[in-house]
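>>> pasting a predicted model and its sequence here:
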Amino acid sequence: MITVYAAAAFVILELLSIIIEPLRLPDWTLQFAIVFLCIGLIVAIILSWSYDIHPEGGIVKTEPVNKVKEERIPSSSNSWRIASYISFVVIVALIVLHIIPRSNRLKENEILDKSIAVLPFINDSPDQENEYFINGTMETILNKLCKISDLKVVSRSSVEKYRDTVVPIPEVAEKLVVSYILEGSMQRYGDRIRLTLQLIDRNDKHIWSEQYDREILEVEELLTLQSNIAQLVAREIEAVVTQEEKVLIEKIPTRSLTAYDFYLKGNQVIYDDIITYRSSHYTYGKEGFIRAEHLYQMALNYDSTFAPAYAGLGKVYLMKYYWELYFTDDFEDSILAVTDIALSYDNQLSDAYVVRGDYYREKGNDQKALKAYHAALLYTPNNWLAYYGLGQIGDVINALENLQKAATLNPGPELPALLRSIGLNYSIMGFNNKAFQYAEEAFQLDGDSIEHYFLIHWYNFCNGDLDLAITNLEKVYSRDCDNLNTLMYLGIWFSVLGNHKQAIVYLNEYLDKLKADRIELTSSQRIGHILWNNGFKEDANYYFDKQIEYCKSTIELDRPRAQLSYFDLAGVYAFRGEVDRALESLRTFSEYPYMPVYMVVWIHIDPLLNGLRDKPEFQQIVRDVEAKYQSEHERVRQWLEKNAML
């Protein structure tokens, strides 16, 4: 009976595994069947123990063993004996022919998951000026794939290093942590294009290839071709494309080929600068954004309803005049205006939502920023910039989770910066060991010793070790004596330690190299303190006054740095002997729900606060700050333990 039951159960389970996906049965169907059949097996065993199938009397209750011994033991039914033999053969056959191959397929599927990288297309055109058009075609196909939630698609910048290089496909797939590679080449002769594509898996197995030879007279022809290619690639990978995603992929944003051409040119210009902007040094070329702005405007001259061009303008406005307009009431409001227009023409445009999220984040409106970033991910689940934005707001745990997702989607030139950002979040919550791990991983990727030692110096400070922080910062100075942040912090740390003569040496170097348009938003009071202790009291008061001006403007405009501004204000007031105003600012600072470890360190060592240290109210504020940090530290620790990350 057990043998027959087991064979029947195997057949049922195999049948279910075949029909679940086509019939769209719930995911728990197979699990339910297994549990149900296991319970049934117990019932079958009990019944077979209690009852026999008699060759003459049918189903009869099993006789006691002593009574059976007295009688002739009945011979078993031939039919049941045959059924048992057949069942045994069925079980063995299923195991040999199906279960073992399935386990092999599962192992293969663990590697060949639904993840893909689209490599830069080779420009086979005689005219190299077509590079922007070929890059744009590649990026459009990539962006359409990014809209498929069943796919993991790595970012464009991740694959850029494989342009004009010959690297084996298995090596590329391993580096990018994907299972499939789409590579291609393209020629453009006037209105005619020839696009050759091939899809290869990570084991260098050829999956699919196609050549498209088209005369492109209307933009719809090009965009439809790109949409068809994206859906064909998804089908080859067996990625599920929902009806909603299909509509998004097939959307035609403009009917003007000229507008689309200018848009691609603008994208290429801004892409070249965004690569640098998103790097660990966060610098960018304003001239490039001015050129991109002109190209997007030209696109809109040919099609005033072209939503992606408005989103492109939003990217330009976000970075073009950032510090010049930081303290104005309408700071970045041009971004809101152009994204409003973009979304009025296409309310499913992911790029517009990302830029909008960046705008609200810079304005200090985290709730609206969260809403915008989540909208971006709703329409493009593989948008790494949306995850990056989410990683800049909210609590530390959410930041870490979102930054990790961004890093997974972008193993490119921005990856070291993302890893350092993850490490920084661990550091400010007091998990320096994990912070060092991420710093080391980033250093192994880009070899940027300046960025590495500067970050390590900050971890040392967060750990309360100023001497070691200075040692690592001096390593940065030995490699780049013109680095402004290095000069500024060397001056600050020596000042905190009471070495004012050494502090002013670095400060003077800093001031000599300071750019005219740079705003010392959180350091002007530190400059003033160094100058004061070296006898330059008039100059010191100028910087103290500037810090008060910066802080009040930041608080009034509700910029993201408002919390730190209250702390900086308290330092200036305390140094000038305005105890009540200093304590009032510190009280407001301590009311914020979140306290990073570096603020715990600062409140203990900041020399500007020395005039408050014997005040009971100050001591209570210190205890409140420490308690809030400890509470958040413990919450993160529990999260790490729960996820086996400690």
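Structure's in. What do you need? Residues are numbered from 1 along each chain as shown.
>>> return the set of buried residues in stretch 459-476.
By neighbour count with 16 or more other Cβ atoms under 10 Å, stretch 459-476 contains the buried residues 459-463, 465-466, 469-470, 472-473, 475-476. Quick note: C-beta positions are derived from backbone N, CA and C, even for glycine.
>>> same check, this time on stretch 387-402
Applying a neighbour-count criterion of 16+ other Cβ under 10 Å, the buried positions in stretch 387-402 are 387-394, 396-397, 399-402.
>>> of those residues, which belong to strands?
Counting by DSSP state E, no part of those is found in strands.
>>> pLDDT-wise, what's the bottom of those residues?
Note: of the buried residues of stretch 387-402, the lowest pLDDT belongs to residue 394, at 84.
>>> my guess is it meets residue 370, correct?
Yes: using Cβ atoms under 8 Å as the test, residue 394 is close enough to residue 370 to be in contact (6.9 Å).
>>> thought residue 146 was touching residue 382, still the case?
Yes: using Cβ under 8 Å, residue 382 is in contact with residue 146, at 3.8 Å.
>>> who does the helix or strand that contains residue 630 touch, helix- and strand-wise?
Mapping residue 630 onto the secondary structure by DSSP states H and E places it in helix 616-642. Packing partners of helix 616-642 (3 or more Cβ pairs under 8 Å, 6 or more residues apart in numbering; DSSP states H and E): helix 396-409, helix 579-590, helix 597-605.
>>> next structured bit after the first one?
Next along the chain after helix 396-409, taking DSSP H and E as the criterion, comes helix 415-428.
>>> which of the helices and strands packed on helix 616-642 sits closest to residue 645?
Of all the helices and strands packed on helix 616-642, it is helix 396-409 that lies closest to residue 645, at 9.4 Å by Cβ to Cβ.
>>> contact partners for the closest residue to residue 257 other than its chain neighbours?
In space, residue 257 comes closest to residue 219 once its chain neighbours are excluded; the distance is 4.2 Å by Cβ to Cβ, 6 or more residues apart in numbering. Remark: with contacts taken as Cβ atoms under 8 Å, 6 or more residues apart in numbering, residue 219 is in contact with 252, 254-257, 259-260.
>>> select from these every entry located in helices.
Secondary structure assignment (DSSP state H) places 257, 259-260 from these within helices.
>>> any chance of those residues in CSV, plus neighbour count, pLDDT and distance to residue 419?
Output for the ones in helices among the contacts of residue 219, formatted as CSV (neighbours: other Cβ atoms under 10 Å; pLDDT from 0 to 100; distance: Cβ to Cβ, whole Å):
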residue, neighbour count, pLDDT, distance to residue 419
257, 18, 95, 41
259, 24, 97, 39
260, 25, 96, 36
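>>> buried sites along the host helix or strand of residue 36?
Assigning secondary structure by DSSP H and E places residue 36 in helix 29-50. Applying a neighbour-count criterion of 16+ other Cβ under 10 Å, one finds 33, 37, 44 buried in helix 29-50.
>>> same thing with stretch 539-547?
Neighbour-count burial for stretch 539-547, counted by 16+ other Cβ under 10 Å, picks out 540, 543-544, 546-547.
>>> sorry, back to before: distance to residue 308 for the buried residues of stretch 387-402 - can I get that in TSV?
What follows is the buried residues of stretch 387-402, written out as TSV (distance: Cβ to Cβ, whole Å):
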residue	distance to residue 308
387	20
388	20
389	18
390	22
391	24
392	24
393	25
394	28
396	34
397	34
399	29
400	31
401	29
402	24
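>>> returning to what we had before: which strands and helices lie in contact with the helix holding residue 36?
Helix 29-50 packs on helix 2-19, going by 3+ Cβ pairs under 8 Å, 6+ apart.
>>> what pLDDT, on average, does the helix it packs on get?
Averaged over helix 2-19, pLDDT sits at 73.
>>> which other helices and strands contact that helix?
Of the remaining helices and strands, those touching helix 2-19 by 3+ Cβ pairs under 8 Å, 6+ apart are helix 29-50, helix 78-94.
>>> mean pLDDT lowest where, among the ones you listed?
Of all these, helix 78-94 has the smallest average pLDDT, which comes to a mean of 60.
>>> chain neighbours aside, what residue packs nearest to the residue most central in space within the chain?
In the chain, the C-alpha closest to the average C-alpha coordinate belongs to residue 406, at a distance of 1.4 Å (Cα atoms, centre = their mean). In this structure, residue 406 finds its nearest non-sequential neighbour in residue 387, 3.9 Å apart by Cβ to Cβ, 6+ apart.
>>> ok, that neighbour - contacts?
Per Cβ under 8 Å, 6+ apart, neighbours of residue 387: 373, 377, 402-403, 405-406, 409.
>>> in stretch 149-165, what counts as buried?
By neighbour count with 16+ other Cβ under 10 Å, stretch 149-165 contains the buried residues 149, 151-159, 162.
>>> distance to residue 317 for the buried residues of stretch 459-476 - can I get that in TSV?
Converted to TSV, the buried residues of stretch 459-476 look like this (distance: Cβ to Cβ, whole Å):
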residue	distance to residue 317
459	35
460	38
461	35
462	35
463	40
465	42
466	40
469	37
470	40
472	37
473	35
475	38
476	33
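>>> so of those residues, which ones are in strands?
Short answer: the buried residues of stretch 459-476 have none in strands (DSSP E).
>>> so of the residues you listed, which ones are in helices?
Using DSSP H, the members of the buried residues of stretch 459-476 that fall within helices are 459-462, 466, 469-470, 472-473, 475-476.
>>> state the distance from residue 508 to residue 163.
Distance of residue 508 to residue 163, given as Cβ to Cβ, to the nearest Å: 45 Å.
>>> report the mean per-residue pLDDT for stretch 522-529.
Stretch 522-529 shows a mean pLDDT of 92 in the predicted model.
>>> where does pLDDT dip in the stretch 101-250 of the chain?
Regions of the stretch 101-250 of the chain meeting the criterion pLDDT under 70 cover residues 101-112.
>>> all strands of it, in order?
Taking DSSP state E, counting those that start in this stretch as the criterion, the stretch 101-250 of the chain contains strands spanning 115-118, 122-123, 152-153, 180-189, 192-201, 206-215.
>>> out of these, nearest to residue 556?
Closest approach to residue 556 among the strands of the stretch 101-250 of the chain (Cβ to Cβ): strand 152-153, 42.5 Å.
>>> off-centre distance for the closest one?
On the basis of Cα atoms, centre = their mean, to the nearest Å, the separation between the geometric centre of strand 152-153 and that of its chain is 12 Å.
>>> okay, now the sheet partners of it, with direction.
Under the criterion DSSP bridges, strand 152-153 sits next to strand 115-118 (parallel) in its sheet.
>>> go through the strand it pairs with and flag the buried ones.
Buried residues in strand 115-118, defined by neighbour count with 16+ other Cβ under 10 Å: 115-118.
>>> ok, those residues vs residue 302, which is closest?
Using Cβ to Cβ, the shortest approach to residue 302 within those belongs to residue 118, at 27.6 Å.
>>> thinking again about what came up before, pLDDT (mean, whole number) over the helix holding residue 630?
The average pLDDT within helix 616-642 is 96.
>>> going by neighbour count, list what's buried in that helix.
Of the residues in helix 616-642, 618, 621-622, 624-626, 628-629, 632-633, 636, 640 count as buried by neighbour count, 16+ other Cβ under 10 Å.
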